[in-house]
Structures are given as C-alpha cells and as structure tokens.
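# Let's see this in three dimensions:
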Amino acid sequence: MDDDKAIHDPKKTTPDLEANLKFLSLSFMQNNFELIAGHAARESWSHADYLSALASGESALRRDKSIERRIRMARFPVIKTLEQFQWNWPSQINRAAVQNLFRLKFVEEKANVILLGPVGMGKTHLATALGYAACLQGKSVLFTSAIDMINTLSMAQAANRLKSEQKKYLTPALLVLDELGYLPIDKRGADLLFQIISLRYEQGTIIITSNRAFKHWPQIFNNDSTLTSALLDRLLHHAETILIEGKSYRMKDRIEP
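Here you go, the predicted model:
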C-alpha cells in the first residue's frame with residue numbers, strides 16, 4: 001500500500017477515532033485519548049511520546065485485567081497475603097524458609113510445597129497467599145480442597161469424562177490442594193489423586209496442606225501402603241516441606257486465660 005494513502009486526513013479520521021478504538025477493544029485509549037492529548041499539547045510532547053503514553057496505559061490496564069482474571073479463575077475461598085500472617089502464633093515455623101517460598105522459584109522449577117501441621121495453624125492461609133502471589137506474577141493457579149477434587153473426578157469418571165475433567169487440574173502452573181487428610185479417602189479416590197500427582201510430576205507445581213505427618217499418610221488412603229509410598233515418592237522428589245507447630249489460632253479465644 002502507498003504510504004501516502006495509508007495515512008488518512010486527521011480532520012476526517014478524528015471523529016471516528018473513538019469508534020475505532022472501541023472496535024479494537026482498546027478501552028484505555030478510548031477513554032483517555034482526549035485527556036492525554038490535552039496534556040501532550042500543554043507539555044509539547046512529540047507524537048511518539050503521546051502514542052507511548054497511550055500504549056503504556058493500555059498495557060497497564062490489560063495487565064490488571066489479566067491479574068483479576070487469574071485470581072477469579074483460581075477460586076480462592078478468600079484472598080490472603082503473607083503480610084496478614086500471624087507469625088507470633090505458631091510455636092514453631094521456619095519463617096525464613098516460608099518467606100523464601102514467596103520468591104516463587106519453586107513454581108518455575110515445577111517443584112512442590114507441603115505444609116504440615118495441626119488444625120488452625122495457618123497452613124491454608126500460607127497456601128492461599130502463595131497462590132495469590134503466583135497470580136500476581138502471571139502464573140495460572142487453581143485452589144481446591146483435596147476432597148472436592150476427588151469427588152469431582154469421581155463423578156466425571158462415572159460419567160465417562162474423566163480425561164476432560166483431569167485437564168482442569170493439570171493445566172494450571174500451580175495446583176493448591178487443601179486439607180489432605182482431614183477426611184479418609186477410599187481406594188477409588190486415592191487412585192484418582194495419585195493420577196493427578198503422577199501426571200503433574202515434573203510438569204507442574206502442587207501445594208498441599210495436611211494435618212497428618214507423612215508416616216500417618218497410609219491411614220488417609222485406606223491403609224494402602226503401596227499406593228501411599230508411590231504417591232509420596234513422586235510428590236517429595238522435588239519438594240520443600242514446611243512444618244508448623246502450635247495450638248489452633250481459631251481456638252485462641254477459648255484456650256487463652
């Protein structure tokens with residue numbers, strides 16, 4: 001195309017600019033081009049400076065929307081951050097190790113994190129905060145309780161759509177499985193959980209919270225020591241375990257004198 005023909009007469013195209021920006025889904029530019037144009041005129045910006053300001057604003061808006069979308073798709077029950085964590089409540093926790101996790105290097109390395117400790121020690125808080133931090137860094141995340149995932153997969157298996165349902169748990173860069181061990185899991189459920197852990201092995205990161213020490217995990221899986229051993233082998237090959245000890249924070253008002 002001839003360069004002169006590619007550049008239209010501004011007097012003719014300006015009235016259509018807003019419509020064109022709307023058509024192109026450039027919402028920041030559509031809503032701010034006149035305001036920024038006025039500022040550019042006062043500050044004697046070049047055309048390139050004006051275009052750069054519009055492009056920067058559009059990029060920032062899209063990044064914000066992308067983060068909002070990832071947070072929404074993660075399905076966190078509530079948003080938690082590291083700053084909100086009550087460090088003075090656990091009687092034992094490796095604070096430096098926890099803070100180091102928030103560099104999210106383990107997500108890049110497709111390694112796992114296991115948070116172990118009694119009920120009410122903030123395991124879910126930390127797991128959620130890590131997932132939230134991952135969303136802010138552009139990672140896809142899915143939060144679910146272990147039992148909810150197993151029940152969903154079990155129903156999918158009964159309906160002959162297991163593979164399609166598995167994708168929901170295999171696609172995210174980070175899968176958060178909360179409350180493993182709070183309820184017993186039968187052989188079918190254990191097999192379904194094993195499949196997810198096996199398929200994600202060295203392919204995607206898992207964060208698991210549990211109130212059971214590893215030596216008690218066979219009790220979670222109907223005393224199937226063989227399956228438990230195979231599951232832990234894959235889960236712990238590339239993993240960091242954080243132990244949290246103390247009394248339940250949610251019960252503090254009842255147990256404090």
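# Any idea how many residues pack against Pro218?
Neighbour count for Pro218, taken as other CB atoms under 10 Å: 17. Where you see a C-beta, it was placed from the backbone N, CA and C, and this is true even at glycine.
# do the same with Ile242
The burial count for Ile242: 19, using other CB under 10 Å.
# Verify the stated contact: it with Ala97.
Yes. In this structure, Ile242 is within contact of Ala97 by CB atoms under 8 Å, at 6.2 Å.
# What sits closest to Ile36 if chain neighbours are left out?
Once flanking residues are discounted, Ile36 sits nearest to Ala53: 5.4 Å by CB to CB, 6 or more residues apart in numbering.
# and the one you found, what does it touch?
Listed by CB atoms under 8 Å, 6 or more residues apart in numbering, the contact partners of Ala53 are Ile36, Ala40, Trp45.
# On the C-terminal side of the host helix or strand of it, identify the next helix or strand.
Secondary structure assigned from DSSP states H and E places Ala53 in helix 47-74. Sequence order places helix 95-101 as the next helix or strand after helix 47-74, per DSSP H and E.
# contact partners of that following helix?
Leu82, Trp87, Val113, Leu126, Leu130, Glu240, Ile242.
# Quick check: bridge partners of the residue nearest in space to the middle of the chain?
In the chain, the C-alpha nearest the mean C-alpha coordinate belongs to Val141, at 2.9 Å (CA atoms, centre = their mean). Counting by DSSP bridges, Val141 forms beta bridges with Leu174.
# any chance you could map the helices in the stretch 101-250 of the chain?
Applying DSSP state H, counting those that start in this stretch to the stretch 101-250 of the chain gives helices spanning 105-108, 123-136, 146-158, 162-170, 187-200, 217-220, 225-236.
# Check these for me and report the most buried one.
Among the helices of the stretch 101-250 of the chain, ranked by average contacts under mean count of other CB atoms under 10 Å, first place goes to helix 123-136 (a mean of 22).
# for that one, packing partners?
Other elements packing on helix 123-136 under the criterion 3 or more CB pairs under 8 Å, 6 or more residues apart in numbering; DSSP states H and E are helix 47-74, strand 112-116, strand 141-145, strand 174-180, strand 205-210.
# Let me have those in JSON lines, extended by mean pLDDT and distance to Ala158.
Shown next, in JSON lines, are those (pLDDT from 0 to 100; distance: least, CB to CB, whole Å):
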{"stretch": "helix 47-74", "mean pLDDT": "89", "distance to Ala158": "26"}
{"stretch": "strand 112-116", "mean pLDDT": "98", "distance to Ala158": "29"}
{"stretch": "strand 141-145", "mean pLDDT": "98", "distance to Ala158": "19"}
{"stretch": "strand 174-180", "mean pLDDT": "98", "distance to Ala158": "21"}
{"stretch": "strand 205-210", "mean pLDDT": "98", "distance to Ala158": "25"}
